[in-house]
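Enquirer: Make a model of this:
(one chain, ligands or ions: 1)
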Amino acid sequence: MSRHGHEATLSMYRNAQFVEAYSQANENYPHLESRLRTFLHNLQGKFVLDLGCGHGRDTRQMSFWGCKAIGLDYSEAMLSKAQSLNTPTVHPIYIAADMRNLGEVFVPDLFQASWCIAALIHIPMEDTLTVLRGLNRASLPGSLHYLSLKEGRTETKVVTENKYGMTTEREMTFWRVADFSEVAQQAGFSVASLEQEVSGITQGAPTSWLNFTLRNERQFRQLYQSSKN
Ligand SMILES: C[S@@+](CC[C@H](N)C(=O)[O-])C[C@H]1O[C@@H](n2cnc3c(N)ncnc32)[C@H](O)[C@@H]1O
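Expert: All right, here's what the predicted structure looks like:
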């Protein structure tokens, strides 16, 4: 991880002007809402994690649809914005933590599913395995995890853009399918499905997104191994 990249990204997500502009620009995504609804099918009453939840757009939907929704983000400014948008019928739990510490923040086997939109992109390549291992430990065997990543030659770099009425500087990791699939596998997941989508702009060019659904294979693997012994 570059110290500069980490600090630049965190200070962006702590910046009040950025948080306000980001939350306004990213509140309405009907296609994402319907994808989330499909993903949450049969998860009412279950613990679901919104990883890097930002201003809580999707966390609120999870709670509205009857899940025990937990949003985690390392930016307290983003989380205060999310809290301010709670209503009496929609009240997710928000936790301020770095997703690299997932394994310590949650007890094992808590989540039935997780959802991570445009957030793992800020984790440097070398820390991604730690995040995914924490997610594997915190979620149930067989659980599904939806993660959207930016496609590109696999690398972590600081991206400077003019967005949200200001100059933004954030560290981002771009992934080739094979490289991310390998890290996911090392962390105990299989790739259940992968969709590619082009939407939004990164540094002036259309963004190609990799939308992975991973399955937690932990117990299945243990069962398989023990059945061989
Ligand atoms: C582009 S925003 C996406 C927010 C939300 N998922 C959405 O779709 O609007 C990325 C979010 O990831 C959070 N984030 C970045 N690095 C993080 C980390 N190491 N731990 C926890 N949250 C992180 C940021 O604070 C920010 O809210």
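
Enquirer: My read is that residue 40 contacts residue 62, right?
Expert: Yes. With contact defined as Cβ atoms under 8 Å, residue 40 counts as touching residue 62 (6.4 Å). All C-beta spots, glycine's among them, are computed from the backbone N, C-alpha and C.

Enquirer: Which residues are in contact with each of those two?
Expert: Common neighbours of residue 40 and residue 62, counting by Cβ atoms under 8 Å, 6 or more residues apart in numbering, are residue 48.

Enquirer: Looking at the two, which one has more neighbours?
Expert: residue 62 (30 against 22; other Cβ atoms under 10 Å).

Enquirer: list the buried ones in whatever helix or strand residue 33 lives in?
Expert: Following DSSP states H and E, one finds residue 33 within helix 30-39. Residues 32, 35-36, 39 are the ones in helix 30-39 that count as buried (16 or more other Cβ atoms under 10 Å).

Enquirer: Look at residue 126 and report its pLDDT.
Expert: Per-residue pLDDT puts residue 126 at 97.

Enquirer: no no, residue 216
Expert: Note for residue 216: predicted pLDDT of 97.

Enquirer: And for the helix holding residue 33, what's in contact with it?
Expert: Helix 30-39 has contacts (Cβ under 8 Å, 6+ apart) with 58, 61-62, 65, 113, 115, 117, 144, 146, 213.

Enquirer: any idea how far whichever residue of the chain sits closest to the ligand is from residue 215?
Expert: Across the chain, the shortest distance to the ligand (Cβ to the nearest ligand atom) belongs to residue 54, at 2.6 Å. Separation of residue 54 from residue 215 (Cβ to Cβ, to the nearest Å) stands at 25 Å.

Enquirer: same deal with residue 138?
Expert: 15 Å.

Enquirer: higher neighbour count, these two?
Expert: residue 138 (24 against 18).

Enquirer: Return the residues in contact with that one.
Expert: Contacts for residue 138 (Cβ under 8 Å, 6+ apart) come out as 49, 102-103, 105-111.

Enquirer: Hmm, residue 166 is touching residue 17, no?
Expert: Yes. In this structure, residue 166 is within contact of residue 17 by Cβ under 8 Å, at 6.4 Å.

Enquirer: More neighbours: which of those two?
Expert: Counted by other Cβ under 10 Å, residue 166 and residue 17 do not tie: residue 166 has more neighbours, with 13 against 10.

Enquirer: Can you tell me the number of residues neighbouring residue 71?
Expert: As a burial measure, residue 71 scores 29 neighbours (other Cβ under 10 Å).

Enquirer: Give the burial count for residue 164, as a bare number.
Expert: 19.

Enquirer: which non-adjacent residue is nearest it?
Expert: Nearest residue to residue 164 in three dimensions, chain neighbours excluded: residue 21, at 3.7 Å (Cβ to Cβ, 6 or more residues apart in numbering).

Enquirer: How about residue 211?
Expert: In space, residue 211 comes closest to residue 195 once its chain neighbours are excluded; the distance is 4.5 Å by Cβ to Cβ, 6+ apart.

Enquirer: per-residue confidence for that neighbour?
Expert: So residue 195 comes in at 98 (pLDDT).

Enquirer: element containing it, please.
Expert: If you go by DSSP H and E, residue 195 is part of strand 189-202.

Enquirer: residues touching residue 23, list them.
Expert: Residues in contact with residue 23 (Cβ under 8 Å, 6+ apart) are 54-55, 57, 78, 81, 85.

Enquirer: lowest confidence element among the helices and strands of this structure?
Expert: When each helix and strand of the chain is scored by mean pLDDT, DSSP states H and E, helix 218-228 comes last, with a mean of 62.
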